[in-house]
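# The sequence and its predicted three-dimensional model are supplied below.
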Amino acid sequence: MMATTHAAVGLLLAVPLTVVAPDLAPVAALAGIAGGVFPDLDVVAGVHRKTLHFPDYYWVAALPALGLAAAVPGPATVAAAWFFLAAAVHSVSDVLGAGLEPRPWERTSVEAVYLHSRRRWLRPRYWVRYDGAPEDFLLTLVCFAPGLTHFGPTVRRVAVAFVVTAGGYTLVRKRLPDIEERWL
């Protein structure tokens, strides 16, 4: 899945706070977006879907952080909780997409995300055929929709920026391997 889709899911995780703690909902939404994107920074930091992806260990941080945010609600505790929650959900959900190959629509990879506690790769499930697939863009739209209706202007602007970015990426995704081969 695209980083934008993971960001959208991070925002979606904050929607319940619009009812329970509306003053903290924007902080949770922005932290969820950041946590949703964070694991994909390993594209430049090391081995993608292994270096910053922890489908098992992010939960070790997320669950106590959520408990602390419930016990002592405030911007810092909520931000930490939703950041780690979104990073955990991102890392787990990468198994639902394609593998790491340059042309994931060819389904040649057996590596979706690394499970550190078991020291092995989890296989891709291809529920989302590949990052940037039309259904991936649709998922981004659906998950960001509450950001356009339930939050204020800051979150709305961030949501729109991510949707526009996702749309552009979706339009060029299948051409990227050829461009990379030609120019790099």
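The structure has been received and is ready for your questions.

# contacting residues around Leu96?
Applying CB atoms under 8 Å, 6 or more residues apart in numbering, one finds that Leu96 lies in contact with 1, 125, 127-128. Heads up, the C-betas are built off the backbone N, CA and C, glycines and all.

# That one and Pro102, how far apart?
Leu96 is 20 Å from Pro102, where distance means CB to CB, to the nearest Å.

# Name the residues of stretch 92-111 that come out as buried.
By neighbour count on 16 or more other CB atoms under 10 Å, the buried set for stretch 92-111 is 92-95, 97-101, 104, 109, 111.

# for stretch 40-56, same thing?
So for stretch 40-56, counting by 16+ other CB under 10 Å, buried means 40, 48-50, 52-55.

# Helices along this structure, start to end?
Taking DSSP state H, the helices of the chain run over residues 3-12, 17-20, 25-37, 42-45, 58-71, 75-93, 134-149, 153-172, 176-183.

# Burial-wise, tell me which of the ones you listed comes out on top.
With neighbours taken as mean count of other CB atoms under 10 Å, the helices of the chain reach their highest mean count in helix 3-12, at a mean of 27.

# and it, what does it pack onto?
On a contact count with 3 or more CB pairs under 8 Å, 6 or more residues apart in numbering; DSSP states H and E, helix 3-12 meets helix 25-37, helix 75-93, helix 134-149, helix 153-172.

# Off-centre distance for the first one?
When you say that, I think you mean helix 25-37. Once both centres are worked out by CA atoms, centre = their mean, to the nearest Å, helix 25-37 turns out to sit 10 Å from its chain's centre.

# Could you do the second one as well?
Put simply, helix 75-93 sits 10 Å off its chain's centre (CA atoms, centre = their mean).

# quick one: it to helix 3-12, angle?
On the basis of axes from the mean of the first three to the mean of the last three CA atoms, to 10 degrees, helix 75-93 is oriented at 130 degrees to helix 3-12.
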